[in-house]
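# my questions are about this predicted structure, shown below with the sequence.
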Amino acid sequence: MKAVRMHDYGGPDVLELDEVPIPEPKHDEVLVKVYATSINPIDWKIREGLRKDKFPASLPLTPGWDVSGVIEKVGNNARRFAKGDEVYGRPDPTRDGAYAEYIVVKANQLGFKPKSVDHLTAATIPLAGLTAWQGLFDRGHLQKGQKVLIHAASGGVGTFAVQFAKWKGAYVIGTASAQNIKFVKQLGADEVIDYQSQRFEEMVHDIDLVFETIGGETQDRSLQVIKEGGRLITTLAPEFKDKARERGIYMEGYTAQSYPDQLEEIAQLIDEGRIEPVISRVMNLYEVARAQQISEKGHVRGKIAIKVV
């Protein structure tokens, strides 16, 4: 089978299209014929060796930790699935990913694909969707009527977060560049702040939850807008825990996990037309190095989907 592999850490040039054997699933795994995957920042961060502490992996490694495809073979104990089932999920980032024609995944990391969308669309959902869901609800405890500030609201995670928060009944404020303000409002945001020309800490206050994926100064400034007893949830390291504690704010960093029940709840919302994945462009397997470069520059609206089949 064809697989894009990195044989060393470094820039996009370390990615090579190789011919490798089709892997065999173990007793708790399934073999998935990959129809599509998508680009996430974790892909190029692991490629550059920036996340060895959190995601130790052996080289050569196939990146790509979103997958949508069809079950080809089932391990003895993976009885939840059968050959021919359409599935999607976020594979383990410490193992070979989905920049390949086939992937072996633990059965407990997959859910049944949304019926109403194709594989290209489904492949853009798992990592970003789960990250948004777990940040808002599992960690952020977001409730109807609360005020949430979502940074990078036009990005892969942000587009899901805005829609999930609005579906929950929250008052949603997003930050985005000027060219994305109208777009984020169309996703359901009640207010959108142009982070390039406006200081969000001067415009909002009494926020129940800040959900952020940027870190640094943005994370620090966000503490100024959260009410006492509120929360700041970040996908990065929580850098200002002492300051948060002094203000009576709960701060937590986390890494999303792939849970079948959440994948299927998200799939149901998509099938009901309540949530719409956003795809900025579709590229092919041999173009993943270029796709990662585009992702690394930032400002991608939604996700870049990678067509495998």
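Great, that's in hand.
# burial measure for residue 111, as a count.
For residue 111, the count of nearby residues is 25 (other Cβ atoms under 10 Å). Glycine gets a C-beta too; all of them are placed from N, C-alpha and C.
# I meant residue 157, not that one.
Neighbours around residue 157, by other Cβ under 10 Å: 28.
# in contact with it, which residues?
Residues in contact with residue 157 (Cβ atoms under 8 Å, 6 or more residues apart in numbering) are 128, 131, 132, 135, 213, 235.
# against which helices or strands is the strand or helix carrying the third one packed?
It stands for residue 132. Using DSSP states H and E, residue 132 maps to helix 126-133. In terms of contacts (3 or more Cβ pairs under 8 Å, 6 or more residues apart in numbering; DSSP states H and E), helix 126-133 is packed against helix 156-168, helix 260-271.
# helix or strand right after the first one?
In the C-terminal direction, the helix or strand that comes right after helix 156-168 (DSSP H and E) is strand 171-176.
# so what secondary structure elements neighbour whichever helix or strand comes after that following strand?
With elements assigned by DSSP H and E, the helix or strand that comes after strand 171-176 is helix 181-187. Helix 181-187 makes packing contacts with helix 156-168, strand 171-176, strand 191-194 when contacts are defined by 3+ Cβ pairs under 8 Å, 6+ apart.
# can you redo those as JSON lines with distance to residue 100 and mean pLDDT?
Formatted as JSON lines, the helices and strands packed on helix 181-187 follow (distance: least, Cβ to Cβ, whole Å; pLDDT from 0 to 100):
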{"stretch": "helix 156-168", "distance to residue 100": "21", "mean pLDDT": "98"}
{"stretch": "strand 171-176", "distance to residue 100": "34", "mean pLDDT": "98"}
{"stretch": "strand 191-194", "distance to residue 100": "38", "mean pLDDT": "98"}
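# OK, contacts around residue 267?
The neighbourhood of residue 267, defined by Cβ under 8 Å, 6+ apart, consists of 88, 111, 112, 113, 114, 115, 125.
# and it, how far from residue 277?
Distance of residue 267 to residue 277, computed by Cβ to Cβ, to the nearest Å: 11 Å.
# please enumerate the shared neighbours of these two.
Overlap of the contact sets of residue 267 and residue 277 (by Cβ under 8 Å, 6+ apart) consists of residue 125.
# ok, back up a step: can you say which of the helices and strands packed on helix 181-187 is nearest to residue 290?
If you check each of the helices and strands packed on helix 181-187 against residue 290 by Cβ to Cβ, helix 156-168 wins as the nearest, at 17.3 Å.
# then that closest one to CSV, C-alphas only?
The C-alpha trace of helix 156-168 is given here as CSV (Å, rounded to 0.1, in the frame of the first residue of the first chain):
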residue,chain,number,x,y,z
GLY,A,156,-10.6,23.8,12.6
VAL,A,157,-11.5,23.5,16.3
GLY,A,158,-13.1,26.9,16.6
THR,A,159,-15.7,26.3,13.9
PHE,A,160,-16.9,23.2,15.8
ALA,A,161,-16.7,25.0,19.1
VAL,A,162,-18.9,27.9,18.0
GLN,A,163,-21.5,25.6,16.6
PHE,A,164,-21.5,23.2,19.6
ALA,A,165,-21.8,26.2,22.1
LYS,A,166,-24.7,27.7,20.1
TRP,A,167,-26.4,24.3,20.0
LYS,A,168,-26.1,24.1,23.8
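# identify each buried residue in that helix, please.
Residues of helix 156-168 classed as buried: 156, 157, 158, 159, 160, 161, 162, 163, 164, 165, 166, 168 (neighbour count, 16 or more other Cβ atoms under 10 Å).
# nearest to residue 77, of those?
Nearest to residue 77 out of those is residue 160 (Cβ to Cβ; 31.6 Å).
# tally of neighbours for the closest residue to the closest one other than its chain neighbours?
Leaving aside its chain neighbours, residue 160 sits nearest to residue 132 (3.9 Å; criterion: Cβ to Cβ, 6 or more residues apart in numbering). Burial measure for residue 132: 28 neighbouring residues, criterion other Cβ under 10 Å.
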